[in-house]
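Participant: Show me the folded form of this:
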Amino acid sequence: MAEAPVPILMYHSVATSPNDATRVLSVAPEAFAEQMALIGDLGLTPVSTAELAASWRSAGPLPRRPVLITFDDGYEGVHRHALPVLAKHGFASTLFVSTGWIRGAYDTGGGLDAMLDWDQVRELADAGCEIGGHSHTHPQLDQLTDDGLREELARSTEIVAGELGAGPASFAYPYGYSSRRVRQAVRSAGYAQALAVGNALARRRQGPYALRRVTVRRATGAEEFTRLLEGRAIARTFARDRALTKGYAVVRRARQVRWKASRSRV
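Facilitator: Below is the predicted model of the structure:
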C-alpha cells in the first residue's frame with residue numbers, strides 16, 4: 001500500500017511585531033501556540049525531516065499521522081517564542097539556517113529581521129530541533145553559476161558543521177526554487193534530502209530532493225490550518241501562489257537560457 005501523504009509545514013518568523021519584510025510570512029506567538037495545540041488535539045505526531053526521509057528511503061515505520069514542523073532562515077523568534085511551545089508538547093522540528101544571516105562571525109548582514117545567534121541555534125539543536133542547511137546568503141540557487149552554487153552549499157555546510165559538530169543532513173531551497181542542476185549539487189554536497197515549497201502535501205514519489213511543503217502565514221487562521229493538516233482544499237487555498245510560481249518559473253528559465261547563451265559566446 002502506498003504511503004499516505006504528509007503535511008510539511010513551512011514557517012519563517014514567529015514574532016509579535018515583525019517588520020514589513022517578514023510580516024506576511026510571520027506568525028504571531030499566540031497563533032503558533034494555538035496551531036501546535038491543534039496538532040496535538042488532532043492526534044498528529046511531529047517528526048524531523050531526516051526521520052521522514054529515512055523512513056521513506058528504507059520503507060521503515062512512521063507514526064500513524066506524521067507531520068513536519070519546519071522553519072526557514074533563522075529568525076530569533078524561533079528560539080524566543082517557538083522553542084518553549086515545542087518543548088511543552090515534546091514536538092520534533094527542523095530549522096533551516098542561512099548561515100550568513102545568523103548573528104556572529106559569519107554574518108553578511110543580509111538577515112531580514114532579528115536573527116538567531118549561534119548560541120541560540122545550539123540551544124535549539126540541544127532541545128531536539130534538527131538543524132538543516134539553507135545556503136549561506138539565501139540566493140536563488142538556480143540563477144547561480146556552477147561555481148557559485150557549489151560555494152553557497154559548501155560554505156553553509158562547513159559553518160553548520162563547525163558550529164554544531166556535525167554537518168546538516170537536510171536542506172531547504174531558498175525561495176523554494178530548484179532545478180535538476182541544483183538538486184544534483186545539493187546531493188553532491190552531502191545532503192540526504194531537500195525540501196521545496198510547492199504548497200502541497202509531501203509524497204514519497206516526489207523524491208527525496210523535491211519534497212513539498214505548505215506555507216503557514218500570518219493570515220492563516222485555525223480553520224485553514226486544520227485544512228492544511230488534513231490535506232483539504234489545499235489547491236484552492238494556494239491557487240494564486242501557484243499561478244505566480246508558474247509565471248516566475250518561466251522568467252527564471254528564460255534567464256538561464258540567456259545566461260547559457262552568453263557563456264557559449266565567451
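
Participant: Tell me where the protein has helices.
Facilitator: Along the chain, counting by DSSP state H, helices occupy 29-41, 49-58, 77, 83-89, 118-126, 146-164, 180-188, 222-230, 234-237, 239-265.

Participant: so of those, which one's packed in deepest?
Facilitator: helix 77 (a mean of 26; mean count of other C-beta atoms under 10 Å). Where C-beta positions appear, they are placed from N, C-alpha and C, glycine not excepted.

Participant: how far out from the middle of the chain is that helix?
Facilitator: 16 Å (C-alpha atoms, centre = their mean, to the nearest Å).

Participant: Tell me the spacing between the nearest residue to residue 150 once chain neighbours are set aside and residue 94.
Facilitator: Leaving aside its sequence neighbours, residue 150 sits nearest to residue 185 (C-beta to C-beta, 6 or more residues apart in numbering; 6.4 Å). Per C-beta to C-beta, to the nearest Å, residue 185 is found 20 Å from residue 94.

Participant: Render the CA-only coordinates of stretch 63-74 in CSV, please.
Facilitator: Output of stretch 63-74 as CSV, limited to C-alpha atoms (Å, rounded to 0.1, in the frame of the first residue of the first chain):
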residue,chain,number,x,y,z
PRO,A,63,3.8,7.3,13.3
ARG,A,64,0.3,6.8,12.1
ARG,A,65,-0.2,10.5,11.4
PRO,A,66,3.1,12.2,10.9
VAL,A,67,3.6,15.9,10.3
LEU,A,68,6.7,18.1,9.9
ILE,A,69,7.2,21.5,11.5
THR,A,70,9.9,23.4,9.7
PHE,A,71,11.3,26.9,10.0
ASP,A,72,13.3,28.7,7.3
ASP,A,73,16.1,31.4,7.5
GLY,A,74,16.8,31.5,11.3
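
Participant: For that stretch, what is the distance to the chain centroid?
Facilitator: Worked out by C-alpha atoms, centre = their mean, stretch 63-74 lies 9 Å from the chain centre.

Participant: Equivalent analysis for stretch 120-131, please.
Facilitator: Taking mean C-alpha positions (C-alpha atoms, centre = their mean), stretch 120-131 and its chain are 15 Å apart.

Participant: gap between the two ends of that stretch?
Facilitator: 12 Å (C-alpha to C-alpha, to the nearest Å).

Participant: related to what we said a few turns ago, of all the helices of the chain, which one is nearest residue 211?
Facilitator: Evaluated with C-beta to C-beta, the helices of the chain place helix 49-58 nearest to residue 211, the distance being 7.3 Å.
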